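In: kindly generate the corresponding structure for this input.
(one chain, ligands or ions: 2)
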Amino acid sequence: MVHHQNKAIREGDNPDLTAERVTGTFDTHSMAAQIYNSEAHARRRREITEIIAKRPELHDTKPFPFMTREEKILESSRKLTLITKHMNEIIEPNNSNEMFHLNNEVLGIEGHPMALHGIMFIPALTAQASEEQQKKWLTRAINREIVGTYAQTELGHGTNLQNLETTATYDVATQEFVLHTPTITGLKWWPGNLGKSSNYAVVVALMFIKGKNYGPHTFMVPLRDEKTHQPLKGITIGDIGPKIAYNVTDNGFLGFDHYRIPRTNLLMRHTRVEPDGTYVKPPHAKINYSAMVHVRSHMITGQAIMLSYALTIATRYSSVRRQGQIDTTQPEVKVLEYQTQQHRLFPYIARAYAFVFAGAETVKLYERVLEEVATGNVSLMADLHALTSGLKSVVSHYTAQGIEQARMACGGHGYSQASYMSEIFGVAVGGCTYEGENMVMLLQLARYLVKSASLVKTGQSSKLGPLVAYLGAKSDSTSLIDRTPTTGFAEYVKTFQHIARRQTLKAADKFFGLMEKGEKRPIAWNKSSVELNRASRLHTRLYIVEAFVRRVEEVADPRLKEVLTDLLHLHVNYELLDMSTYALEDGFVSSSQLDYVRDQLYFYLAKIRPNAVSLVDSWEFSDQELRSVLGRRDGHVYENLFAWAKASPLNKTDVLPSVDKYLKPLMESARASKL
Ligand SMILES: CCCCCCCCCCCCCCCCCCCCCCCCCC(=O)SCCNC(=O)CCNC(=O)[C@H](O)C(C)(C)COP(=O)(O)OP(=O)(O)OC[C@H]1O[C@@H](n2cnc3c(N)ncnc32)[C@H](O)[C@@H]1OP(=O)(O)O
Ligand SMILES: Cc1cc2nc3c(=O)[nH]c(=O)nc-3n(C[C@H](O)[C@H](O)[C@H](O)COP(=O)(O)OP(=O)(O)OC[C@H]3O[C@@H](n4cnc5c(N)ncnc54)[C@H](O)[C@@H]3O)c2cc1C
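Out: Ligands and ions are numbered 1, 2, ... in the order given. All right, here's what the predicted structure looks like:
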């Protein structure tokens, strides 16, 4: 038996797809170890997939697109119960990476009744509850004795947390907080699983003590009776209705009518209110925003995964879809042969790799900050906030664009829910909004960049942190791309640094200049904000390139290194062309250098072509996880599209009631009136 580098090859597969896999030059299991940041985790993912494959009770009973929302919620709850019961046979206890994979395989990306429980409720309790409070609630939450969510956003306010309307007023006499929703716009609105599933929530409310507003604070709040699941007195609660996607999650609304909770339900790891109402300040004003930073840090990886779902589907399908000829004397080609198709897909394959490598670095920094903050050291919080704000925005934006390109690259069948593309897009694009609307988060990063720019301008570049040290460096007069005999990544990195530095300093100049002309700070900020956000994007894209370079430098296996180097070449050339206005406007890069960049881009599209399928196979998504007829591992698309269509609920009968009731009489009366 031949041992192929691509481990997805099976007998009986569509030969067009097998032919692609045979040309792969590297071991896909080894590449999976790069993607999932460790050989052990990549292996565990495969083992978990195999365990699930052998347990039919954990499989979808029918394709999701054929189910109503209610059916999906029921089905997801059934599976959730089973995986909770058998968790320890499938994954290592409390391993969140393994849990994430288990959920994606069994429950899928449309959400489930305990989605926010794992993503935000437990992280909020872990980071913000005191040890005593953790003993009371965290263990119960981990054991799933209670179901919780994170309720912050309101109908009228999501971004501007200082103007939330839900109040928590301290009553010294009873040592209780009184939670109240004064208006319709003060209703909590959006929190995942708040509507129907959760019986507890970490609620963010403005805290008032003796008439003074202490700003947003987090409280542990019981919402429903633990036995009957009926809403408690003083609580108005429900589901907000269907969304673009993610409909298995019951995003909800919540109102309080003078609802009392004990003083000790304020999460008190970093902040305290004494019985007499004395307030003890936290070591950092934003320390209780940690659950948001948790999601922002992890969602970079989550977005890369969803982008790769779409790319896996489109690249496999493009290898079995034949349409048209390039040489008219030859048979029809796989659509993957078209340069336009490669240009649509391959740069996004490179981006997905770049994002997952940047995501791994972000999680590492997040974990370090979490440990440091637990011991009272908050020095890196601002850096982490700036980094995650930029990355969540840039990565979610390009992820959504990439998924949409992948959808269009599948032609008509991409528009069918059999492709599953619309759900993947819908879930992923939510990331542009949740955890901070993208423009708003770019502006958060811009604050950090402007502070750094003012250090540069006042001759204090030595004080710049490592993420922004390049802002204080001197540029070459022009880019050295194609001006040295062996142009390497260093010339590209310097070019991206030049572009990001110039835009940051220019946007900061604009802002400071407006203030010098007498504009008030917030007005000057608003008038500079488009330019500031451009700087934030360029800074983040530079970071992503650098993370990619760092990873490629670390890789030892020569076959992996070669293909990852090809992808990196593709990435830097595509990125530079995409932001060429910035490079051209001050003459840092010339049009002849851009011609070189274009040639390089086309060269690497062709060089990557034989590895394209192996590059997407390396993410090792099972068919169950992908839930896409077009993306099937075996490539048997057409017969399965036909089977899928036949299974559509509309095909249960030949004549629909709507026809009996309306169309037949309509046609009959049209015929009669013609007589
Ligand atoms: C995922 C985990 C998996 C875990 C498993 C792990 C396994 C691993 C596997 C990996 C895969 C996982 C994949 C997951 C996929 C999920 C799929 C789908 C799930 C869908 C779920 C959807 C969930 C969605 C939930 C939600 O959506 S929950 C609601 C989120 N809502 C927002 O995000 C509001 C935005 N708004 C603001 O964040 C604020 O409003 C505001 C703008 C900052 C101003 O904040 P404000 O308090 O007004 O600030 P200012 O007073 O203006 O002060 C400003 C000053 O503070 C500073 N500063 C502000 N912040 C912070 C901060 N943090 N830290 C430090 N400093 C900060 C700032 O730098 C400035 O400093 P300066 O420049 O002054 O020095
Ligand atoms: C799928 C999904 C799941 C969610 N889950 C949860 C959850 O579990 N818990 C929870 O609490 N919330 C949740 N949310 C809410 C989410 O966090 C907010 O919707 C998000 O933070 C954006 O806030 P917003 O809706 O107030 O948007 P807005 O702030 O009203 O945004 C509208 C527009 O105004 C602009 N804008 C607003 N402020 C500024 C500014 N200062 N400067 C420049 N432009 C500005 C924005 O850029 C945007 O273009 C979820 C949302 C979604 C879509």
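In: which residue does the chain have closest to ligand 1?
Out: At 2.4 Å from ligand 1, G302 is the closest residue in the chain, using C-beta to the nearest ligand atom. For glycine as for every other residue, the C-beta is placed from the backbone atoms N, C-alpha and C.
In: give me the neighbour count for the residue lying closest to that residue once chain neighbours are set aside.
Out: Spatial nearest neighbour of G302, excluding adjacent residues (C-beta to C-beta, 6 or more residues apart in numbering): G431 at 7.6 Å. A count of neighbours around G431, defined by other C-beta atoms under 10 Å, yields 23.
In: double-check that G431 belongs to a strand.
Out: No. G431: not assigned to a strand; according to DSSP: H, G, I helix; E, B strand; the rest coil it is helix.
In: I'd say it and Y398 touch.
Out: No. Counting by C-beta atoms under 8 Å, G431 does not reach Y398; the two are 10.9 Å apart.
In: and the residue of the stretch 51-200 of the chain found nearest ligand 2, what does it touch?
Out: Closest approach between the stretch 51-200 of the chain and ligand 2, counting by C-beta to the nearest ligand atom: G158, at 2.4 Å. By C-beta atoms under 8 Å, 6 or more residues apart in numbering, the residues touching G158 are 152, 190, 437.
In: from the residues you listed, which is closest to V22?
Out: If you rank the contacts of G158 by distance to V22 using C-beta to C-beta, E437 comes first, at 46.0 Å.
In: so which residues on the stretch 401-550 of the chain come close to ligand 2?
Out: 430, 433-437, 439-440, 443 (C-beta under 6 Å from any ligand atom).
In: could I get those as JSON lines with neighbour count and pLDDT?
Out: Conversion of those to JSON lines gives the following (neighbours: other C-beta atoms under 10 Å; pLDDT from 0 to 100):
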{"residue": "G430", "neighbour count": "18", "pLDDT": "98"}
{"residue": "T433", "neighbour count": "13", "pLDDT": "98"}
{"residue": "Y434", "neighbour count": "19", "pLDDT": "98"}
{"residue": "E435", "neighbour count": "25", "pLDDT": "98"}
{"residue": "G436", "neighbour count": "22", "pLDDT": "98"}
{"residue": "E437", "neighbour count": "14", "pLDDT": "98"}
{"residue": "M439", "neighbour count": "14", "pLDDT": "98"}
{"residue": "V440", "neighbour count": "15", "pLDDT": "98"}
{"residue": "L443", "neighbour count": "19", "pLDDT": "98"}
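In: intersect the residues you listed with the contacts of ligand 1.
Out: Applying C-beta under 6 Å from any ligand atom to these, those adjacent to ligand 1 are 434-436, 440.
In: mind giving me the domain ranges of the chain?
Out: Domain assignment for the chain, taken from automatic domain parsing, gives 122-282, 291-459+492-615.
In: and among those, the most buried is which?
Out: Mean neighbour count, computed with mean count of other C-beta atoms under 10 Å, is highest for domain 291-459+492-615 among the domains of the chain, reaching a mean of 20.
In: span of that domain from start to end?
Out: 33 Å (C-alpha to C-alpha, to the nearest Å).
In: what separates that domain from the chain centre, distance-wise?
Out: Chain-centre distance of domain 291-459+492-615: 13 Å, with C-alpha atoms, centre = their mean, to the nearest Å.
In: stretch 43-62 vs ligand 1: in contact?
Out: No. Under the criterion of C-beta under 6 Å from any ligand atom, ligand 1 is not reached by stretch 43-62; the shortest gap measures 11.0 Å.
In: gap between the residue in the stretch 551-675 of the chain that ligand 2 sits nearest to and F621?
Out: Residue nearest to ligand 2 within the stretch 551-675 of the chain: R627 (18.9 Å; C-beta to the nearest ligand atom). Applying C-beta to C-beta, to the nearest Å, the value for R627 to F621 is 10 Å.
In: also K652?
Out: For K652, the distance to F621 (C-beta to C-beta) stands at 31 Å.
In: tell me who's in contact with L307.
Out: 348, 351-352, 355, 398-399, 402-403, 428.
In: pLDDT of stretch 115-124, averaged?
Out: Averaged across stretch 115-124, pLDDT comes to 97.
In: what's the first-to-last distance across it?
Out: Taking C-alpha to C-alpha as the criterion, the two ends of stretch 115-124 lie 14 Å apart.
In: where along this structure do the strands fall?
Out: Here the chain has its strands, by DSSP state E, at 148-151, 167-171, 176-180, 188-189, 200-209, 212-222, 235-239, 252-256, 259-262, 272-273, 279-280.
In: off-centre distance for the fifth one?
Out: By that I understand strand 200-209. Taking mean C-alpha positions (C-alpha atoms, centre = their mean), strand 200-209 and its chain are 27 Å apart.
In: and it, what does it pack against?
Out: Counting contacts by 3 or more C-beta pairs under 8 Å, 6 or more residues apart in numbering; DSSP states H and E, strand 200-209 packs against helix 122-128, strand 148-151, strand 167-171, strand 176-180, strand 212-222.
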